[in-house]
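In: I need the structure of the sequence given here:
(chains A and B)
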Amino acid sequence: MMRPFRRLMGVVPVRVSMTVNGSTQEHDVEPRLLLVFYLREVLGLTGTKIGCDTTSCGACTVLLDGESVKSCTIFAVQADGAAITTIEGLAGADGEFHKMQQAFHENHGLQCGYCTAGMVMAAVSLLEENQNLTEADVREGLEGNLCRCTGYHNIVKAVLAAAGSGR
Amino acid sequence: MTTVLGQRLLRREDAEILTGEAKYVDDLAIPGALWLALVRSPVARARVRSIDTSAALASPGVVAVYTGEDLMGEWAAPLPVAMTTTPDQKVPAHYPLTSGTVNYVGDPVAVVVANSRQEALDALAGVVVDYDELPAVVDLEDSLSDRVVIHEDLGTNASYTWPLQPNEAAVDAAFASAAHTVKERFIQQRLIPSAMEPRGAVAVPAPFGGTYTLYTSTQIPHILRVLLALTLGISETKIRVVAPAVGGGFGAKLNIYPEEVLCLALARKLKRPVRWTETRSENTQASIHGRGQVQDIELAADENGKVTAVRVKLIGDMGAYFRLLTPAIPILGGFLYHGVYDIPNYSFSCTSVFTNLNPTDAYRGAGRPEASYAIERCMDSLAAKMGKDPADIRRINFIPPFENGHPTAAGLSFDSGNYEPALDKALEIVGYEGLRKEQQQRRESGSTRHLGIGLSSYMEICGLAPSRIMAALGAVAGGWESATVRVLPTGKIEVVTGTTPHGQAHETCWAMIVAEKLGCSPDDVEVLHSDTAVSPHGLDTYGSRSLAVGGTAIALGCDKIIAKAKAIAAHQMEVAEGDLEFANGAFSVKGTPEKAMPLAGVAFAAFQAHNLPDGMEPNLTAETSYDPPNFTFPFGTHVCVVEVDEETGRVELVNYVAVDDCGNQVNPMIVEGQVHGGIVQGLAQALFEEAAYDEDGNLLTSTLADYLVPSAAEMPTFVLDHTVTPSPSNPLGAKGVGEAGTIAAAQAAINAIVDALRPLGVNDVRMPASPQRVWAAIQAAKGA
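Out: Reported below is the predicted structural model:
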């Protein structure tokens, strides 16, 4: 009697394994655990942020098998078997910035920094999908990521710079 | 002399953010911490009949559940208010948890303490509160009528009436003899500041010594430390407050919130670390809102369009209680309703009322956007009434250029101003004449896509604040800032500041000031801040004050360093002090530059202390506390160009030009970033955002799905330029720029929309000017 109830409540742990920033991770998690909490609280990768509870702000954006997803919108169990990249895994092994990180730095595309991880990951994915980004593409492509500091001006400039840098 | 100031130095803050290493409050790993979750009222006004916590206490992982009554013994004082606007200001009792009544949706009634975040949240449903619902007050004029008195012990809903009416007879006479008058009512809707990082706090008791560290997402660790000591009865010496990385504030983190007080109180009670992280829907309901005013404003003008008087009556929406600065906000704007114009007769009065809504407080601009909006909207109304161009009516009325003080009709003294060049520059960049021609052509062709051009020659008050003026306004504390400059034995420099950055790049910019003054590389300078154990004195960051006050404190600290170092250098070099000059980081004998001693050498000598002048203290350290003699008054002109579709009411932003004057700039890249972000918050008020409540006081926009913070897709690229009118108020000549964009933008957009639609008979559109509202305004005008 107790056990199915506990299962319904989502408190009976489930095994998940995934590759996060290149290293294999395997844990027992509650089925209701969101991917963002798995990353932040189980793996300690706190670079990925939580800014809302309605999948509106995009602060939690990570790459799942190379595509941007909002990690507050999927459960950790749904990422079973996937390869996840977070902001901590973006720079090269030697610590060299990814060209998107470099472009955000050079174009003052961040202020308080809270949206930055999600914004950068979304931009990386956007550029992956479209090598010939226009300003309109960038503005539309980042629609799901909110920033309250920069007015987007320098974020758009940064993404266009990264798109044009050819590195 | 090196010239570091004015360079577009890239930010030293970026690397740890871009790699995900920066730690915000919720990122901190605190072993053994208990988690709080708050039970919040789902109704706007009620008596609480009973609270049953038994089910919550039985919930897994729950350690304790407390109601307001359970914790009354924890408080040494109610939650504080730092402003007494009038001697008879009415202040409702306000504690971290309510007892007996609730007064807004989100009002905290109980707190669950559990071993994990999720267990605390899960247990919330187990706290059963029996509410006896009472009629709620949500409308300002309804509140003013006292039909329902919210706080019965106060006897009325009006907290205070604050007049600034130097000469009513003269104002009356100006209106009596006016050739033209304008009378408008504007509604400043409530806004949700919406920093991307929700708030959070964690209180950690030290294993011994009875001390506590509170890590909290705040703009004001220094002020908070004082307030926590007073509220909790803990010695200030036992409290350390740290603001780690803070994800934006915009005024909403310029406060002492119940959750911060609860974390510390319960850490004391339970002898464990206690933490809480806000959800977004808690943020929208119960972190402060901004704006919330009804503005009645009248202008009197002579036959040439010269404005002779302005009269303003406000009703300010305080919400259910006061937070730290709630009553002060409308008053901050009370000095600015004449804008940048030479208006000799001034009358302002504000009555502020309680409502059964979330308390309001400072949101980017805080009183000044409202003032700038009202006067700039009215200048356009006057121009339209007289058939004049909006640019011309502004030129007729600008205060003529001045460099060192201009007394205003509202009783302040503007520092420096030169308003027309900013207007000229903005009009030239936007191509004003061409736009007016195109507008005319479209009108003649019968196009339903109307072009509108909106001007905003804004004015703000920054550099908060001269302490004596703050005292005269009823503020509990003044507005000085402190700095410590230490030149270490190796020549590296530590600067301790009382400012608290949360996105403003103080580390980068303060290092630039030191590099300029001491002739070193910015890389040699470490900036320490936001931790009361490291930086004990400060008044923190808000009101565009950090550079003008905190930056000046650092510059003056550097002057003290140079003075002391010069005495040591002269002693060591065996020359008279008067024979030495300081340039490029070294003291040299005038006319004999090869005889020199670098500052680093002086610092080492001061550390060695083997050979200092008699009576001189060792070490090369200087402390300053700087109290500014005056505010600073940045200004500028923004021009917004819109296209309005008559058939759908849709507004498209076609172009936006901003010419700002914040005096001397330390780092233009940072200035521009502040302006960009500020403009978007102003445009968001004009076009998208409103904290909308229903008639029962339920917040209809409690998520970011409903509250329309604009995304990149809704915003254009901005065209920025500037003029430079240095401030005489501080040696840097700096004025501040953190709020400028927000203060300027809303009226530029609404003026543009009304400008587009005036031929249709539209004279106003209420904010936010959604397509529906614009369409309705067009229909109403057509039907009229």
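
In: rest of the way, CA atoms for contacts and neighbours
Out: Will do.

In: Taking the stretch 1-150 of chain B, what residue is nearest to chain A?
Out: residue B:20 (3.8 Å; C-alpha to the nearest C-alpha).

In: which ones are touching that residue?
Out: Applying C-alpha atoms under 8 Å, 6 or more residues apart in numbering or on different chains to residue B:20 gives the contacts A:46-48, A:87-88, A:117.

In: ditto for residue B:660
Out: Counting by C-alpha under 8 Å, 6+ apart, residue B:660 has contacts B:422, B:634-638, B:720-723, B:740.

In: switch the cut-off to 6 Å
Out: B:636, B:722 (C-alpha atoms under 6 Å, 6 or more residues apart in numbering or on different chains).

In: swap in residue A:116?
Out: Taking C-alpha under 6 Å, 6+ apart as the definition, residue A:116 has no contacts.

In: Distance check, residue B:195 against residue B:631.
Out: Residue B:195 sits at a distance of 27 Å from residue B:631 (criterion: C-alpha to C-alpha, to the nearest Å).

In: before we move on, the earlier item: of the contacts of residue B:20, closest to residue A:128?
Out: residue A:87 (15.8 Å; C-alpha to C-alpha).

In: tell me which element residue B:188 falls in.
Out: Secondary structure assignment for residue B:188, by DSSP states H and E: strand B:180-191.

In: and that strand, how far from the chain's centre?
Out: Its chain's average C-alpha position is 22 Å from that of strand B:180-191, according to C-alpha atoms, centre = their mean, to the nearest Å.

In: do the same with stretch B:341-359
Out: With C-alpha atoms, centre = their mean, you get 18 Å for stretch B:341-359.

In: end-to-end on stretch B:240-248?
Out: 21 Å.

In: Secondary structure class of the residue most central in space within chain A, three-state.
Out: The geometric centre of chain A, computed from its C-alpha atoms, lies nearest to residue A:62 (C-alpha atoms, centre = their mean), at 1.9 Å. Here residue A:62 is recorded as strand under DSSP: H, G, I helix; E, B strand; the rest coil.

In: So it is in contact with residue A:68, correct?
Out: Yes. Using C-alpha atoms under 6 Å, residue A:62 is in contact with residue A:68, at 5.5 Å.

In: Which pLDDT value belongs to the residue sitting furthest away from the middle of chain B?
Out: In chain B, residue B:574 marks the outermost C-alpha relative to the chain mean, sitting 51.5 Å out by C-alpha atoms, centre = their mean. Looking at residue B:574, its pLDDT stands at 96.

In: Same check on residue B:3?
Out: 89.

In: Quick check: closest non-adjacent residue to it.
Out: residue B:516 (6.1 Å; C-alpha to C-alpha, 6 or more residues apart in numbering or on different chains).

In: One more: residue B:252?
Out: residue B:288 (5.8 Å).

In: Is residue B:262 in a helix, a strand, or coil?
Out: The three-state assignment at residue B:262 reads helix, by three-state DSSP.

In: residues touching it, list them.
Out: With C-alpha under 6 Å, 6+ apart, residue B:262 has no contacts at all.

In: Please apply the same query to residue A:99.
Out: residue A:162.

In: could you measure the residue nearest to residue B:252 against chain A, distance?
Out: 16 Å (C-alpha to the nearest C-alpha, to the nearest Å).

In: My guess is that residue contacts residue B:360. True?
Out: Yes. Counting by C-alpha under 6 Å, residue B:288 touches residue B:360, with 5.2 Å between them.

In: So between these two, which is more surrounded?
Out: Counted by other C-alpha atoms under 10 Å in any protein chain shown, residue B:288 and residue B:360 do not tie: residue B:360 has more neighbours, with 30 against 26.

In: Output the below-cut-off pLDDT ranges for the chain.
Out: Chain wasn't specified; assuming chain A. Across chain A, the ranges flagged by pLDDT under 70 are A:1-11, A:165-167.

In: not quite, I wanted chain B
Out: In chain B, residues with pLDDT under 70: B:1-2.
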